[in-house]
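Engineer: Attaching a predicted model along with its sequence, questions to come.
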Amino acid sequence: QQQVKQSPQSLIVQKGGISIINCAYENTAFDYFPWYQQFPGKGPALLIAIRPDVSEKKEGRFTISFNKSAKQFSLHIMDSQPGDSATYFCAASKGSYIPTFGRGTSLIVHP
Amino acid sequence: DAGVIQSPRHEVTEMGQEVTLRCKPISGHNSLFWYRQTMMRGLELLIYFNNNVPIDDSGMPEDRFSAKMPNASFSTLKIQPSEPRDSAVYFCASSLTAGNSPLHFGNGTRLTVT
């Protein structure tokens, strides 16, 4: 499996602040980049995903920024809320390739 | 749809015992994955099935681990004999296709081997 590097490992943000999680990939053939959100005791669930034909995708307070030339993509959470406290995983895949996950980022949003 | 269903939610067993984890994927999904999650190693892919056929089992730690998918609606992950280092949360996930569609995860089985 190709590697996907995710940072930071943990993140603490004040309520109302912006949370930013970054991922970098190696395989230029990847064409599907999802982010998953995992709450304690639950499995990861798809949060938002992007394909490389666009540089940004926004859904509510969540935005993916994609930089194809740098082989990087990031998740921005605007106006972070305590309910956003969770572990976030980035992933990358293509066609029949098995999805490759980052190591995860534990986000804590303080009230 | 009820989503991916895993059972049991929790399993506590003694070292040396056989453990069987079960998974019912979402109907219509043809890809099924077993993952293991630990603090140290994050999410590790154990095995991937496509149309009930094991495609990649390179993540299976050793011969003590085995997985089957006898039909499109059921899969098992077996550990025999179990060891304390197998303690982890095991997730099953399914998707329409392996790469270009999202994975739908179950809520996992927390395994504790004493």
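Structural biologist: Done, it's in.
Engineer: check contacts around the residue in chain B that chain A sits nearest to.
Structural biologist: Using Cβ to the nearest Cβ, the closest approach of chain B to chain A is made by B:Phe105 at 3.0 Å. The C-beta positions use only the backbone N, C-alpha and C, and glycine is treated the same way. B:Phe105 is in contact with A:Tyr36, A:Gly43, A:Pro44, A:Ala45, B:Val4, B:Tyr35, B:Phe91, B:Cys92, B:Ala93, counting by Cβ atoms under 8 Å, 6 or more residues apart in numbering or on different chains.
Engineer: Please indicate which of the residues you listed has the highest neighbour count?
Structural biologist: Greatest neighbour count in the contacts of B:Phe105, by other Cβ atoms under 10 Å in any protein chain shown, goes to B:Cys92: 30 neighbours.
Engineer: okay but it is in contact with B:Val4, surely?
Structural biologist: Yes: if you go by Cβ atoms under 8 Å, B:Cys92 and B:Val4 touch, sitting 5.8 Å apart.
Engineer: which neighbours do those two share?
Structural biologist: In contact with both B:Cys92 and B:Val4: B:Cys23, B:Pro25, B:Phe105, B:Gly106, using Cβ under 8 Å, 6+ apart.
Engineer: Just the closest of these to A:Leu75, please.
Structural biologist: Nearest to A:Leu75 among those is B:Phe105, at 18.1 Å by Cβ to Cβ.
Engineer: Nearest residue to that closest one in space, please, no chain neighbours.
Structural biologist: Spatial nearest neighbour of B:Phe105, excluding adjacent residues (Cβ to Cβ, 6 or more residues apart in numbering or on different chains): A:Gly43 at 3.0 Å.
Engineer: Make sure I have this right: that neighbour is in a strand.
Structural biologist: No: using DSSP: H, G, I helix; E, B strand; the rest coil, the assignment for A:Gly43 is coil, not a strand.
Engineer: mind listing what it touches?
Structural biologist: A:Gly43 sits next to B:Val4, B:Phe91, B:Ala93, B:Phe105, B:Gly106, B:Asn107, B:Gly108 when contact means Cβ under 8 Å, 6+ apart.
Engineer: Kindly report the residues of chain B close to chain A.
Structural biologist: Taking Cβ under 8 Å from any Cβ of the partner chain as the contact definition, chain B meets chain A at B:4, B:33, B:42-43, B:45, B:48, B:50, B:56, B:91, B:93, B:97-108.
Engineer: Swap in 6 Å and give it another go.
Structural biologist: Residues of chain B found near chain A (Cβ under 6 Å from any Cβ of the partner chain) are B:Gly42, B:Leu43, B:Tyr48, B:Phe91, B:Ala98, B:Gly99, B:Asn100, B:Pro102, B:Phe105, B:Gly106, B:Asn107, B:Gly108.
Engineer: burial of the last one, as a residue count?
Structural biologist: Look at B:Gly108: counted by other Cβ under 10 Å, it has 24 neighbours.
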